[in-house]
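>>> what would the 3D arrangement of this be:
(chains A and B)
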Amino acid sequence: MRLAAAVLLLWLVGVPPKAIVVLGPQQYVETINPKMGVHTRLTDEVEEWKIKRTLEMVREMGAPWIVEYFPWAYYEPQKGHFNWEHADMVVDHARRQGLTVIARLGFVPEWARPKGSTVAYLHRASFDDFGEFVYAFVSHFRGRIKHVIIWNEPNLSLEWGYQPASPEYYTELLHFAYVQAKQADPDVQILAGALAPTLAPEGSEWGMDDLVFLQRMYDAGAQDYFDMLAIHAYGWKFPPDDPAAVDEVNFARAELLRQVMLRNGDADKKCIITEGGWNDHPRWTKAVRPGQRIEYTIRAYEKVLEEWDWCEGAVFWAFRYPRPARTYQDYYTFVAVDFTPKPIYWEVQEYARRES
Amino acid sequence: MGRKTYARHVLLILVIGLSLVALGVWYRLGRGEGMDHTWAVIQQARVLRVGMDASYPPSEELDETTGELQGYDVELAREIGRRLDLEVQFVNIGFDGLYDALIAKKVDAVISALPYDPFRTQDVFYTISYFNAGLVLVARESETEIDSVDDLSGRTLGVEWGSDSDAQGRRMVKRLDGLNLHPYPTPLDTLWGLKNGEVEAVLVDAVSAHHFIKHEGAVKIVGEPVTDESYVIAVGPTSTELLSALNAALLALRDDGTLIRLRDEWF
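Model prediction:
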């Protein structure tokens, strides 16, 4: 008996206590700019406290919007078998912090693509499978997620597993996804596009000019299959007020995409910038100085609020990475991997807390 | 045991022992594991292929008029080549592609203002550091009361807005009474602010500090480096002999003052 008690005691002492992370009370974002947002990277964040801390810091910075990636392969590892545990954790913590989640869907599971293909490879024969995933996702998150982006940067061939980037092909996928999403939740907003800003020449094997791609989406009948346009607005070395030009990639290129919408009778639809911003790597050719990055970022948030009434939000890449990328990508973040805020975090927070 | 039997046993033990030694030699050389093929190829060709991203002056850049590479790392690589009696061939690669080029054996070593990265130590070997480019505290030459960051209470410190120096400065403000930060747009502006008397000290990277001291003067580095950004040379994960040779060359360059001379010449 004593021996059994001793064994039990030893076992209890040896078992590490389970971390308890609670959702906590409902929070609200305090900000002078309700259009501010950041793209979080919680997909590969395992520990719940880190997910919660990330989202708390987003709220404390004053950004009410986040975009988060929900990889199809993670949530439907086998056809018809869904596991939403991690996605639920992210979404519930985000909502408890008062944040609006925009979900980006992509990442093809192994069972839905040929062996040896990349995770972006999606054959037409699997469009139905993707549509069913969209239906399952939107049904599961009905009432919690209202905005869903279909695919990422479809004007780049790498985003199709190195198949040619085709606006007609993407429009077909959009059709499948839109119909399924609306069946699951008629109120869900389907975001199309999220096109990579690029000046790729005609016939390039790597990608297609985003303005050309969008027009060809309209030509292929995409208008009926999206509610909003997702825009990627990177500034590279140019300030946010640098004027838009068809032969230049800058922040204001978003206005040119908007003009394509207007030319196609889509004035009533809104846009959301779902990626964008500036980079302050010391030696990347498209980077700016850290102070410029702060100045441009805040000005861009202001610009979207004051001048772009057709744009509902500006979500910038990227709030924090779960681990260092060890490339120039690390210099897009607002917060270090260990949660240490960078100066840009404090400056944006100060802007968001200014007297309006 | 008779003499004959004893001799047979000794012979048998010798044969087994020699076989084991031969097996070991075969395992190391014949199988090739643990052998530095890179070094063998370098020795045969008498050429060291150095990867660098020549877009980061004054460490490395392409002289637009002559088309020649120049900078601290270029001279360092040439100096190492001289010490090892090797011709140096430079391969200009974008910074993000340097490690891949090394792993794909397109180059033998990377010398490109490459900071030591603890996350990469499973993929590559690093030499000892040849320069610390981390943040340093700089004061005016006439300054006698500031010897380290601990002497900054009640003073004004110049930093580059938004940079690591800004982040460090904000942390210092929390622990040092009365420390004020003065942000500047670039490290050069920060150093000019110091020279012009707008601030009492500045926090800038060591390259900017040395460059300013050489060209403008009237300021000095005080105390130990505030952060570490150790520039190292990277070699492939099996290049053990090349690593030893490079380390020996760097130690010699350090001991005979060549590293200081290169710093003074280029930074």
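
>>> who touches stretch B:178-196?
Around stretch B:178-196, the neighbours that count as contacts under C-beta atoms under 8 Å, 6 or more residues apart in numbering or on different chains are A:289, A:291-292, B:138-140, B:152-163, B:165-166, B:169-170, B:172-173, B:198-205, B:208-209, B:212, B:216, B:218-219. Backbone N, C-alpha and C define where each C-beta goes, glycine included.

>>> can you select the buried ones from those residues in PyMOL?
Here is the PyMOL command that selects the buried residues among the contacts of stretch B:178-196 (16 or more other C-beta atoms under 10 Å in any protein chain shown):
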select buried, (chain A and resi 289+291+292) or (chain B and resi 138+139+140+152+155+156+157+158+159+160+161+162+163+165+166+169+172+199+200+201+202+203+204+205+208+209+212+219)
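
>>> got a list of contacts for the one helix or strand B:Leu114 maps to?
Applying DSSP states H and E as the criterion places B:Leu114 in strand B:109-115. Contact with strand B:109-115 is made by A:283, B:48-53, B:56, B:59-60, B:72-73, B:76-77, B:80, B:95, B:98-99, B:101-102, B:133, B:229-235, B:239, B:242, B:246, as judged by C-beta under 8 Å, 6+ apart.

>>> give me that answer again for 7 Å
Residues outside strand B:109-115 that contact it (C-beta atoms under 7 Å, 6 or more residues apart in numbering or on different chains) are B:48, B:50-53, B:56, B:59-60, B:73, B:76-77, B:98, B:102, B:229-235, B:242, B:246.

>>> whichever of those residues end up buried, select them in PyMOL.
Only the buried entries of the contacts of strand B:109-115 go into this PyMOL selection, using 16+ other C-beta under 10 Å:
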select buried, chain B and resi 48+50+51+52+53+56+59+60+73+76+77+98+102+229+230+231+232+233+234+235+242+246
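
>>> returning to that earlier point: partners of the strand holding B:Leu114 in the sheet?
Looking at strand B:109-115 with DSSP bridges, its partner strands are strand B:47-52 (parallel), strand B:230-235 (antiparallel).

>>> dump the C-alpha coordinates for the last one into PDB.
So that's strand B:230-235. Extracted as PDB, the C-alpha positions of strand B:230-235 are listed here (Å, rounded to 0.1, in the frame of the first residue of the first chain):
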ATOM      1  CA  SER B 230      30.200  39.200 -35.200                       C
ATOM      2  CA  TYR B 231      31.200  39.000 -38.800                       C
ATOM      3  CA  VAL B 232      32.400  35.400 -39.600                       C
ATOM      4  CA  ILE B 233      33.300  33.300 -42.600                       C
ATOM      5  CA  ALA B 234      31.000  30.400 -43.300                       C
ATOM      6  CA  VAL B 235      32.100  27.100 -44.900                       C
END
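
>>> closest point of the stretch 151-267 of chain B to chain A, which residue?
Residue of the stretch 151-267 of chain B nearest chain A, by C-beta to the nearest C-beta: B:Gly162 (3.1 Å).

>>> for chain A, what spans make up the helices?
Assigned by DSSP state H, the helices in chain A fall at A:2-14, A:48-61, A:72-75, A:85-96, A:127-140, A:167-184, A:210-219, A:253-263, A:290-307, A:343-352.

>>> point out where the stretch 1-150 of chain B drops to low pLDDT.
The stretch 1-150 of chain B contains residues with pLDDT under 70 at B:1-3, B:21-34.

>>> up against chain A, what does it have?
B:Ser55, B:Tyr56, B:Phe95, B:Asp96, B:Asp117, B:Phe119 (C-beta under 7 Å from any C-beta of the partner chain).

>>> take the residues you listed and write them to JSON lines, including secondary structure.
Listed next are the residues of the stretch 1-150 of chain B next to chain A as JSON lines, based on DSSP: H, G, I helix; E, B strand; the rest coil:
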{"residue": "B:Ser55", "secondary structure": "strand"}
{"residue": "B:Tyr56", "secondary structure": "strand"}
{"residue": "B:Phe95", "secondary structure": "helix"}
{"residue": "B:Asp96", "secondary structure": "helix"}
{"residue": "B:Asp117", "secondary structure": "coil"}
{"residue": "B:Phe119", "secondary structure": "helix"}
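
>>> put the buried members of the residues you listed into a ChimeraX selection.
Command for ChimeraX that selects the buried part of the residues of the stretch 1-150 of chain B next to chain A, burial taken from 16+ other C-beta under 10 Å:
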select /B:55,56,95,96,117
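
>>> could you identify the most distant pair in the residues of the stretch 1-150 of chain B next to chain A?
Comparing all pairs in the residues of the stretch 1-150 of chain B next to chain A by C-beta to C-beta, the longest separation belongs to B:Ser55 and B:Phe119, at 23.4 Å.

>>> ok, and what's touching stretch B:220-229?
For stretch B:220-229, the external contacting residues (C-beta under 7 Å, 6+ apart) are B:115, B:132-139, B:141, B:146-149, B:164, B:168, B:203, B:206, B:209, B:213.

>>> one more time with 10 Å
Residues outside stretch B:220-229 that contact it (C-beta atoms under 10 Å, 6 or more residues apart in numbering or on different chains) are B:113, B:115-116, B:129, B:131-143, B:146-151, B:164-165, B:167-169, B:172, B:201, B:203-207, B:209-210, B:213.

>>> convert the C-alpha atoms of it to PDB, please.
Written as PDB, here are the backbone C-alpha positions of stretch B:220-229 (Å, rounded to 0.1, in the frame of the first residue of the first chain):
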ATOM      1  CA  LYS B 220      35.700  58.400 -30.200                       C
ATOM      2  CA  ILE B 221      34.300  55.000 -29.300                       C
ATOM      3  CA  VAL B 222      34.000  54.500 -25.600                       C
ATOM      4  CA  GLY B 223      33.700  51.300 -23.500                       C
ATOM      5  CA  GLU B 224      32.900  47.800 -24.700                       C
ATOM      6  CA  PRO B 225      30.600  47.100 -27.700                       C
ATOM      7  CA  VAL B 226      27.000  47.400 -26.600                       C
ATOM      8  CA  THR B 227      25.800  44.600 -28.800                       C
ATOM      9  CA  ASP B 228      27.500  41.800 -30.800                       C
ATOM     10  CA  GLU B 229      27.200  41.500 -34.500                       C
END
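
>>> pull out the buried residues from it.
By neighbour count on 16+ other C-beta under 10 Å, the buried set for stretch B:220-229 is B:Val222, B:Gly223, B:Pro225, B:Val226, B:Thr227, B:Glu229.

>>> now swap in stretch A:88-101 and tell me
Buried positions in stretch A:88-101, judged by neighbour count with 16+ other C-beta under 10 Å: A:Met89, A:Val90, A:Val91, A:Asp92, A:His93, A:Ala94, A:Arg95, A:Arg96, A:Gln97, A:Leu99, A:Thr100, A:Val101.

>>> closest to A:Pro239 out of the helices of chain A?
For these, proximity to A:Pro239 was assessed by C-beta to C-beta; helix A:290-307 is nearest, at 5.4 Å.

>>> quick check: phi and psi at A:Pro197.
When quoted as degrees, to the nearest 10, the phi and psi of A:Pro197 stand at phi -70, psi 120.

>>> residue contacts, it?
So, once contact is read as C-beta under 10 Å, 6+ apart, A:Pro197 ends up touching A:153, A:155, A:209-211, A:231-236, A:248-251, A:253-254, A:256-257, A:275-276.

>>> buried subset of these?
Buried among these (16+ other C-beta under 10 Å): A:153, A:155, A:209-211, A:231-236, A:249-251, A:253-254, A:256-257, A:275-276.

>>> coming back round to it: could the buried residues of stretch A:88-101 be laid out in TSV, adding pLDDT?
Shown next, in TSV, are the buried residues of stretch A:88-101 (pLDDT from 0 to 100):
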residue	pLDDT
A:Met89	97
A:Val90	98
A:Val91	98
A:Asp92	98
A:His93	98
A:Ala94	98
A:Arg95	98
A:Arg96	98
A:Gln97	98
A:Leu99	98
A:Thr100	98
A:Val101	98
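
>>> rewinding a little: now, the contacts of stretch B:178-196 that are in strands?
Cross-referencing these against strands under DSSP state E gives B:138-140, B:156-160, B:201-205, B:219.
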